[in-house]
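Participant: here's my sequence, what's the structure:
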Amino acid sequence: MPIDLNRYLTLFVAEAGEHLAGFSRELLALEQAVRAGSAGDAVKPAVDALFRHAHSVKGMSASMQQEAITGLAHQAEDLIDLYRRDPSLVDAAGVDLLLDTSDVLAELVERASRGEKPIGDAALSKRLQDSIRQVKDGRPVTPSASPSPPSMAAGAPPAPPAPSVPSVPPAPPVRDLYPTPLPSGVQRGGRRVVAEVTIGGPVPAVRAFLVVKKLSGVGIVTGTAPTVEELKAGRIPGKKLTVELETGESLDRLERALSQISDLTGVSLRETDQPAAPPVAPPPREAAPPPEPARTVRVRTEILDGFVDLVGELLLATARIREVGRALPDLHRPALDEGVDRLHGIVKELHGKVMAVRMTPLALVVEQLPRAARDVARKLGRQVEVELRGTEIELDRAILEVLSDPLLHVLRNAVDHGIEPPHLRLLAGKAATGHITVTARRERDRVILEIADDGKGMDPARLREAAVARGQLEAAAAATLSDRESLLLACLPGLSTAEQVTDVSGRGVGLDAVKRTVEAVGGALEIESAPGVGTRLVLRLPLTVAVQPVLLVGVGAEVVGLPISKVHGAATVSFSSLDRSRGGPLLAYDGELVPVHDLAALLGFEPCGRDERSVVVAEGIDGRIGLCVDALLGQQEAVLKPLGAPLGAVAGLSAVTVLGTGRPVFILDVTKLLAA
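Facilitator: This is a model prediction of the structure:
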């Protein structure tokens, strides 16, 4: 029966996507090297990496019977192979063509992920064919327009493959892997060959079928180990395959045929005078090679989300048991407390492991930015380089998923509004090529993500004028704003100082969406800029949004929570004795005077009237601030739940949790509360 390849589709899409992302990264590095005038050995590592990515995509798509992807990847591989032989032939037009090929391959893989049958792009295939011929003749690649999107219409005829690139036929059904007559053009000979292949990468059984199919095209396969039935079941012990065949082809010809299959980590061919014998049975389990040092498995994100929710419920249930135990007689409480403590420790460890699985490198999001900046810059006639730092830092996948569009907004604004055209940069004494740096670093329980450019910067005065002109700010209020506060006016909806509206930016959209998105996950946005020097946007992001430690405080008859990551300390003071030399009450804390706010007054609660109060020192907008509360109730691991309408619109509230008693408690956003 035919192989059911659909079971491997998700894995194929993920692996092909990773290779295509790497393909684009190497092309951008190659483009920068070509622009800098580098050639020969300087560009060879990038060309070699490109070849490996193209070869892997070709092999994976061939094993999945995706002929359109295979043919296009094969043509790209042929062009890159010419560059490998003579790196001096690499030019900007060739890089552009390969970038177009990368885009089309990504679109074809996306269509395949939806179960559609991708159809190749005939125009792009012809461009690649012509370019291969030009490079073979020692001529530069002819620049041409970007190809149109690949035609995927149902029933549309497939694009004819280039004559110089043979189309990879679909794998035959398993029952046809051992044809009785020799294939056309293959002559029977007395040579018997044993091929021993070691397979790496994912789905080794599928790669094994591809090896057998390839060898059956150059001879008669007389036996395999593992057997066909075991390969059908996905069993291939040690990822090793042995194939015996009768063929008239040379060993070099067989080796070249197998070299077209990706993820083969070892190939051994030898002739034997012995008649074909049944293949040796695989070694017993105890004789199997030791397991690989590191193994991974792909898990659907919704399963991970379910794990996090269940662990959160376990934490709540543990707190509830602890609360109920307080009503038991003292005789029975020690044993219960010991059991609850052990249960809480296990749940905490489980939560840590689940969150470690959810943590994803920032590179998954930011590595697309150099390509996006390059495309926007070329459209606007700018020259831009993007440098990435600290991309190995990990964040909760739930946060990364919402960061992609905001970061793209920031980058497009930096290229369009920030980076000047080359001639203006030269007149200003700068390099013609603008520089954008994306830097990530850890600070306590936060990830600080900075996007900085060396462009013309932002003018606080112009932002104030624009806000007043649009009626979003009174002139008197605008006059009282500091430059730092004025820069945040760029986040007002619809506010823009762009002189021209383009399809890139200038419509006053972008930074307001960035600010909303960052704050929705518990982060904060800051803007720093100096005219003529550049702009830096700082995104302060939490590591995770699921379970966080909070400090519970009493305010009147209510209980509210403050994120521990925002708390610096606490003190018990006499409220009337606080320093008021600058107007409001001030607390001397850690060598500085911290302004103190009455949390009850901020929330609209009735003050308790007591003079002796507790002050929580927390992180504010411009530094530390003190929050005067009635009682400190302790720290607790809180399962944070997002607020829906209408509570989500209340300034100062960021989430809600449930105590072990079943009482709901709101978690405060101090920054928003003070700004309200």
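Participant: now do the helix or strand where Val34 lies: which elements does it pack against?
Facilitator: Remark: Val34 resides in helix 9-35, with elements defined by DSSP states H and E. Of the remaining helices and strands, those touching helix 9-35 by 3 or more Cβ pairs under 8 Å, 6 or more residues apart in numbering; DSSP states H and E are helix 44-63, helix 92-113, helix 369-380. Every C-beta, even on glycine, is put in place using the N, C-alpha and C of the backbone.
Participant: redo that, cut-off 10 Å
Facilitator: With contacts defined as 3 or more Cβ pairs under 10 Å, 6 or more residues apart in numbering; DSSP states H and E, the secondary structure elements packing on helix 9-35 are helix 44-63, helix 67-85, helix 92-113, helix 363-366, helix 369-380, strand 384-389.
Participant: check which residues of stretch 529-541 are buried.
Facilitator: If you call a residue buried by 16 or more other Cβ atoms under 10 Å, then stretch 529-541 has these buried ones: Ser529, Gly534, Thr535, Arg536, Leu537, Leu539, Arg540, Leu541.
Participant: could you pull up the mean pLDDT of it?
Facilitator: Summarised as a single mean, pLDDT over stretch 529-541 is 90.
Participant: that one: how far from the chain's middle?
Facilitator: Put simply, stretch 529-541 sits 23 Å off its chain's centre (Cα atoms, centre = their mean, to the nearest Å).
Participant: stretch 321-332 now?
Facilitator: Remark: stretch 321-332 is offset 47 Å from the chain centroid, using Cα atoms, centre = their mean.
Participant: doesn't Val656 lie inside a strand?
Facilitator: Yes - in this structure, Val656 lies within a strand as judged by DSSP: H, G, I helix; E, B strand; the rest coil.
Participant: before we move on, the earlier item: so of the buried residues of stretch 529-541, which ones are in strands?
Facilitator: Ser529, Gly534, Thr535, Arg536, Leu537, Leu539, Arg540, Leu541 (DSSP state E).
Participant: about what we covered before: let me have the helices and strands packed on helix 9-35 in CSV, adding mean neighbour count, distance to Ala571 and mean pLDDT as columns.
Facilitator: Below are the helices and strands packed on helix 9-35 laid out as CSV (neighbours: other Cβ atoms under 10 Å; distance: least, Cβ to Cβ, whole Å; pLDDT from 0 to 100):
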stretch, mean neighbour count, distance to Ala571, mean pLDDT
helix 44-63, 23, 57, 85
helix 67-85, 23, 65, 89
helix 92-113, 21, 57, 88
helix 363-366, 20, 40, 84
helix 369-380, 18, 44, 87
strand 384-389, 18, 38, 90
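Participant: got JSON lines for those, with distance to Leu269 too?
Facilitator: Written out in JSON lines, the entries for these read as follows (distance: least, Cβ to Cβ, whole Å):
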{"stretch": "helix 44-63", "distance to Leu269": "19"}
{"stretch": "helix 67-85", "distance to Leu269": "23"}
{"stretch": "helix 92-113", "distance to Leu269": "32"}
{"stretch": "helix 363-366", "distance to Leu269": "40"}
{"stretch": "helix 369-380", "distance to Leu269": "41"}
{"stretch": "strand 384-389", "distance to Leu269": "44"}
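Participant: ok so, going back, in JSON lines, list the ones in strands among the buried residues of stretch 529-541 along with distance to Glu323.
Facilitator: Formatted as JSON lines, those follow (distance: Cβ to Cβ, whole Å):
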{"residue": "Ser529", "distance to Glu323": "51"}
{"residue": "Gly534", "distance to Glu323": "54"}
{"residue": "Thr535", "distance to Glu323": "51"}
{"residue": "Arg536", "distance to Glu323": "47"}
{"residue": "Leu537", "distance to Glu323": "44"}
{"residue": "Leu539", "distance to Glu323": "38"}
{"residue": "Arg540", "distance to Glu323": "34"}
{"residue": "Leu541", "distance to Glu323": "33"}
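Participant: and which of those is nearest to Leu316?
Facilitator: Using Cβ to Cβ, the shortest approach to Leu316 within these belongs to Leu541, at 25.5 Å.
Participant: report the beta-bridge partners for that closest one.
Facilitator: Following DSSP bridges, Leu541 is listed with bridge partners Val447.
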